[in-house]
Every structure is written in C-alpha cells, then in structure tokens.
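Enquirer: coordinates only, no sequence provided:
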C-alpha cells in the first residue's frame, strides 16, 4: 500500500501546522518523519490516520491511488500506535488486542476461535503470551508499547502509523524496541510511517527519513543520504552535533578566517559573500603542530574520554567553542591535556551561502 | 576502588548511625501531644452524636412511639403511599435525564474545545449556588398563572405548577450538576486518546462509547447517580414552592412528612421521615463502596497517563 500526499495544509486557529506538504511513501517502506516539536510531523501522521482533517481544499491523500478524504478514521484500514499507548485501561492485554476484531460488523467479524488464534499469534509475536490476562497498569512501558503495536496490527492494517513510538521509554528499552521494530517490519513488510524527534532513532530504524521543520518538508532521503548530504542548514543542524564557522566566499574558494577550504566547489561567486561552514565533531582532525594543511589554532578546554569516542571541547582563537570527537586510539597517540594548544583541520565541511548549498 | 568503598559507606552511614533521638523528634514534629489528639477526637464524636446520630435515633424513636403497628399504619395510609409513589416517579424521571445530561455535558466539556466552555462549566454549577426556593419560584414565574406562559398553558389545559410536571422540573433543576460535576474532572483526566484508538481500530461512535468511554467512567458515573438520586428524593425547598401541597396528589415524601408534622401527627411524620433516613443510610453505604472504586479508577487514570 503506497501513500501519496499532495499539497496538504493544516491550520490550527492562526497557527499553520502544515504548509503544502508533498510526500510519497512507496509500498512496504518504513519512513521516519523527523523534526523538532511543532514541525507538523504528528499533525501529518494524524491526518493520514483520519484523526485530523486537512484544511478544506488544500490537497489530497491517496492510499494506493485511492483518495481517502471521504473515509473516516474507522474506515481507512490504518493501524495507529499512540505516543502514550492509549491502551484500554479496563481491558486485559488479550482484550485490547482483540478489540479491533470484536467491533467489526458481524458479517466481517471472525469467529471466536479465529479471534483467539489471531490474538495468540500476535502475543507470540510481541513475546508477551504469559501476560495475556494482565491489565495495562500492570505492564512496564516497553510491554505496553508492544501491546499497542499488536493491537494496531490485529486488524491487519494497510498502513501502520506510529506517533513517537519510543518517546516515553528509557534509553535501554528504547534501543531494544528500535531493533525489534526494525526486525518486525522486515518480517511483515507493512507500509509504516513513524514520527520521532530523535535523529538517531530515525537514522537507525527507517529506510527513508523525512526531515520536517515549521510545517514543511526540508529533505527526504535514505538515512545516509540526509546525514552526509544535508539539503540545508536546518537538516545539517538537526541531524546531530555540528560546529558552525562563519566565513566568506571569494571567487570559488571559501575562507574561514585566514583559512581557505580546499574542497573547491563548482559554483563561483563574483562578489564576496558571507558563508557558513558546518563540520561534524568527528570530521575535525587535531594535530600538535601545523602541518601545512589549512588549520586554525585552539586550546583544549575539556576532555571526556568515557565512551567509545573521546569528546574534546576546544576554544578557538576567537573564543568560539569547537566540539571534536575522535577514536580512543587516536586520543592515546595525541595524549592531549587541558590547556594545551592544538591545530584543527576540517576533513569535510559543508558550506552554505544564504539558502544555497555548495 | 577506594572511591567505590567510600560511596557505599556514604550511602549507608546516615541510616545505620542515625541517633535514636532524631526519629522521635521527627514524629513529634508532625503529631500533637496525646491529650490534644484525644480531646479533638472526642470533640468530633460528641459533635457528630449530638447533631447527627441523636436526631437519627430520635426519628426512629418517635416513629415507633406507638408501636410497630402504628408505624406500619402510618406508612401504608393512602396519602403516604401516594407520596412514596410520587417521589419514586419523580426520581425515575429526573435521575435518568440528569444522568444523560451529565454524560453529554461532561463529554462536551472534556473532549471538545469551544467558545464559552468556561461559561458552560460555571452555569452547570448554578443550581448549587442558588437557593432551592428560588429555583422553585423561577418555575412559578415562568409557568404559573401570573407567569409568562401560565395563561397560554391554562388555555390548552396543561398544568405544570401545582402538578407533577412542575415537581419534576424543579427537581431536575436542583439535581442538574451532580452527575456532570462528578464526570467532568474524570473525563478531562482521561483525555481522548483511548477513544481515538477505538475509532482507528474501526469502532463506531456508539461502540466507542459503550466499550471504551462508559467502562472508564463507570464508577464516577455511579457515584454521581447515587448523589443525584438522594437529592431528587429528598429535595424539599424547590418542590415545596411548585407543589401546592395537595395531599395524595402533589406531595412528595419530604412534603408529606412536613404536612403531617404541622398537623401534630408526630408518629406519622416521623414514620415517613424514617423512610428518608433509610434512604440516607443506604446512600451513605453505597457512596462509600462506590467512592473507593471510583478513586481507584481515578488513580488508574493517573498511571495510564
């Protein structure tokens, strides 16, 4: 089941939550809507589910080529997993999962036996078979989330929508559930869209990431594509820690202070223009002495060697803070101490001039 | 290694080496001396006995003054039976209507955003703020012979004031807030997510209400209904104004008790009053049971959210 979203807008009072969004989700994909709060990602998800209506006359949503505007939430055949699970608190786990089957009109309702079998299969899938008779209040957060997912899957939805599925869980459970969702999706291959504000989660779980900001889509692409080739400053900034340097473009070279950036870009600007350079912490190389590469001096302000990567905080000559990450063995070679002077070379820099990426 | 050892000792020491006196100090800080506590408890009990228990006992003592047969006769006398029937009829009409209103109002307030919501919530409380006598007089003003619609109603042979419809209307007004008041905070705390989940899973509006909303508010609703019923059966002021005190026709149990009392028929008056006392006791017991259940529902809501 593919989803085509064309020019969808949504306004709450005066607040434009979505401004003319276009998006295609091919059949069987697992897509992440990634963005800060207020970027419209949850609104878009709720519109897909039929829980919100787009602004009148704003555009169309098609499931597999079929316009679903006239279909209510109950008729769209979507599974929706709510951020706070929204399990029915007065029903057992079993009854929660069976709900979508039990409320069907009797012609389409499976027999008791069939319902029992299907729910049992789903309980096995989420590995909660022994807890079938528990109530939601007696489950942990991760277990509730799995029940919510099983409940959504019980109706065999054409599209699975998940609103911040791991938002309310602690870090360890989150990790496990992410992998589990990934595997589950590989297994059942239902077109899925999930909302998250956690870039790591989006990059790890989804096969396509849609970065949203202020009601618009900033970039759509595979995780490595959006991470390595961000379309603009917002995407660069949002997908992980980044250092920003103020500079200028002269001809076809970009200067940051006295330091020219070697990666020559194809565009050439006749006038001098202000530019901003973005470098991820792991793309900065440190050396004890200037070695001919373009570099700038900085002082070591803080070192955090706990963890797989060593995080080093530098203060550049102009007082700017610069974050650097390096592998443990490189750090062992350098043996940096607080207050020492180092020379910093960017290995890879994204330069943005006004709205254009170079 | 040494750091770890230090950590452990720092965690344990305050517990292990706490001077014995400090615990007592803590206790004393929140508790009054023994004699003050005793005095307060006794005072509360004496007060309750004097003003609640004693009158309750007095009702039954007075009612049974001339023996059980006189008590029974006073209750089975035709006017008394008529008043009991009328009271039950009024409750049977008013309680379902106000239950329905309460659910609809609470649903509206809790699940939708609209202009004038706070005004609506305030208006629901109006009957609590207004004296019941005023409530009765409002209906006399509107439907009475000298009132706005009185002449028109009279022409068409419809009697509202000094008849059963007036009693029902006045009771409706007075008991309006009970169910709504109980449900609004409960439904607000529960939010709309479960209903949305049910809708997405394919449930119709009615299925959603019956299988999701209603079970979630069950105990709170029952609690509201019990209070509403108690008030509907016991209401005096508003009903007194609109009833006209026609024996055997427009006297409810509380009104009948007053009429008998004014006629110096104390056995009859207290016999009828004892029915209301029974109602009060039954209400108290039910209320206690349901209250604990509904509190559990509330706390489940807290966990769920």
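Expert: All right, it came through fine. The structure presented is a predicted model; accordingly, all values stated were derived computationally and were not measured. Numbers count the residues shown, from 1 in each chain, chains lettered A, B, ... in the order given.
Enquirer: and the closest residue to residue B:32 other than its chain neighbours, how far from residue B:51?
Expert: In space, and not counting its chain neighbours, residue B:32 is closest to residue B:40: 7.7 Å by C-beta to C-beta, 6 or more residues apart in numbering or on different chains. All C-beta spots, glycine's among them, are computed from the backbone N, C-alpha and C. Residue B:40 sits 17 Å away from residue B:51, taking C-beta to C-beta, to the nearest Å as the criterion.
Enquirer: could you do residue B:102 as well?
Expert: 31 Å.
Enquirer: hmm, back to that, which strand or helix spans the residue nearest to residue B:32?
Expert: With elements taken from DSSP states H and E, the one containing residue B:40 is helix B:34-48.
Enquirer: again with residue A:45
Expert: Going by DSSP H and E, residue A:45 is part of helix A:41-49.
Enquirer: same for that helix, what does it pack against?
Expert: Applying 3 or more C-beta pairs under 8 Å, 6 or more residues apart in numbering or on different chains; DSSP states H and E, one finds that helix A:41-49 contacts strand A:3-12, strand A:15-25, strand A:30-34, strand A:78-81, strand A:159-163, strand A:191-196.
Enquirer: okay, the ones you listed in a markdown table with distance to residue B:254 and mean pLDDT next?
Expert: Output for the helices and strands packed on helix A:41-49, formatted as a markdown table (distance: least, C-beta to C-beta, whole Å; pLDDT from 0 to 100):
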| stretch | distance to residue B:254 | mean pLDDT |
| --- | --- | --- |
| strand A:3-12 | 52 | 92 |
| strand A:15-25 | 55 | 92 |
| strand A:30-34 | 63 | 94 |
| strand A:78-81 | 53 | 93 |
| strand A:159-163 | 54 | 93 |
| strand A:191-196 | 59 | 93 |
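Enquirer: before we move on, back to that, tell me which helix or strand comes right after the helix holding residue A:45.
Expert: Moving toward the C-terminus from helix A:41-49, the next helix or strand (DSSP H and E) is strand A:60-63.
Enquirer: what are the buried residues along that following strand?
Expert: Buried positions in strand A:60-63, judged by neighbour count with 16 or more other C-beta atoms under 10 Å in any protein chain shown: A:61, A:63.
Enquirer: which residues touch it?
Expert: Residues from elsewhere that reach strand A:60-63 (C-beta atoms under 8 Å, 6 or more residues apart in numbering or on different chains): A:1-8, A:47-48, A:54, A:67-69, A:76-77, A:158-159.
Enquirer: check those residues for burial and list the buried ones.
Expert: Here, 16+ other C-beta under 10 Å leaves A:1-5, A:8, A:47-48, A:54, A:68, A:76-77, A:158-159 buried among the contacts of strand A:60-63.
Enquirer: quick one: buried residues of stretch B:73-87?
Expert: For stretch B:73-87, the buried set under the neighbour-count rule, 16+ other C-beta under 10 Å, comprises B:74-75, B:77, B:79-80, B:82-84, B:86-87.
Enquirer: please read the previous query as pertaining to stretch A:305-317.
Expert: By 16+ other C-beta under 10 Å, the buried positions in stretch A:305-317 come out as A:309-314, A:316.
Enquirer: let's verify the residue of the stretch 201-350 of chain A found nearest chain B: helix, strand, or coil?
Expert: Nearest residue of the stretch 201-350 of chain A to chain B: residue A:306, at 14.5 Å (C-beta to the nearest C-beta). With DSSP: H, G, I helix; E, B strand; the rest coil as the basis, residue A:306 sits in coil.
Enquirer: so the helix holding residue A:45 versus strand A:159-163, what angle?
Expert: Taking axes from the mean of the first three to the mean of the last three C-alpha atoms, to 10 degrees, one finds helix A:41-49 and strand A:159-163 inclined to each other by 150 degrees.
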